[in-house]
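Visitor: Here is a sequence with its predicted model. Questions after.
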Amino acid sequence: KIHENAYSPDRGLNAPQYLGLIDQWTSDKYLLREELYNQVKPLFSVYDKWIDKYGSLPLYWGKPYNYE
C-alpha cells in the first residue's frame with residue numbers, strides 16, 4: 001500500500017497528521033520564526049545562486065512561512 005506523504009518540512013509543526021504515519025509528522029520540532037529569518041538574511045546570496053543555477057526558488061524560499 002502506498003501512503004500519503006505527511007512529511008512537509010516547510011509546514012513545520014503543522015504537517016498533516018495521517019494515522020499510522022506518526023514518524024513523518026513528528027520529526028520537525030522547531031519553527032523558523034521571523035526573528036531568526038531576519039537574522040540570517042545576510043546569507044540570502046545563496047538564494048540568488050540557486051536561482052542562477054535552477055531558474056527559481058522552491059515554493060517557500062525567500063520569505064518567512066506563516067505557521068498559523
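Guide: Looks like it came in fine. Numbering: from 1, shown residues only.
Visitor: use CA for all of it now, contacts and neighbours both
Guide: Will do.
Visitor: Quick one: end-to-end distance for stretch 12-32.
Guide: With Cα to Cα, to the nearest Å applied, stretch 12-32 spans 8 Å between its terminal residues.
Visitor: Domain ranges for the protein, per the record?
Guide: Per automatic domain parsing, the structural domains of the chain span 1-29, 31-68.
Visitor: can you give me the helices in the protein?
Guide: Using DSSP state H, the helices of the chain run over residues 22-25, 34-39, 45-54.
Visitor: just for this structure, where's the confidence low?
Guide: Residue ranges of the chain with pLDDT under 70: 9, 62.
Visitor: Now for R33: which residues touch it?
Guide: P64 (Cα atoms under 8 Å, 6 or more residues apart in numbering).
Visitor: How many residues are close by the nearest residue to W61 once chain neighbours are set aside?
Guide: Leaving aside its chain neighbours, W61 sits nearest to Y47 (7.8 Å; criterion: Cα to Cα, 6 or more residues apart in numbering). Counted with other Cα atoms under 10 Å, residues neighbouring Y47 total 15.
Visitor: Please report how far Y47 lies from R33.
Guide: Y47 is 18 Å from R33, by Cα to Cα.
Visitor: one step back: single out the most deeply packed of the domains of the chain.
Guide: Greatest average neighbour count among these goes to domain 1-29 (a mean of 14), per mean count of other Cα atoms under 10 Å.
Visitor: That domain: end-to-end distance?
Guide: Start to finish, the residues bounding domain 1-29 are 28 Å apart (Cα to Cα).
Visitor: same question, stretch 27-44
Guide: Terminal residues of stretch 27-44 lie 26 Å apart, using Cα to Cα.
Visitor: How about stretch 37-56?
Guide: Stretch 37-56: ends 20 Å apart by Cα to Cα.
Visitor: All good on my end, thank you.
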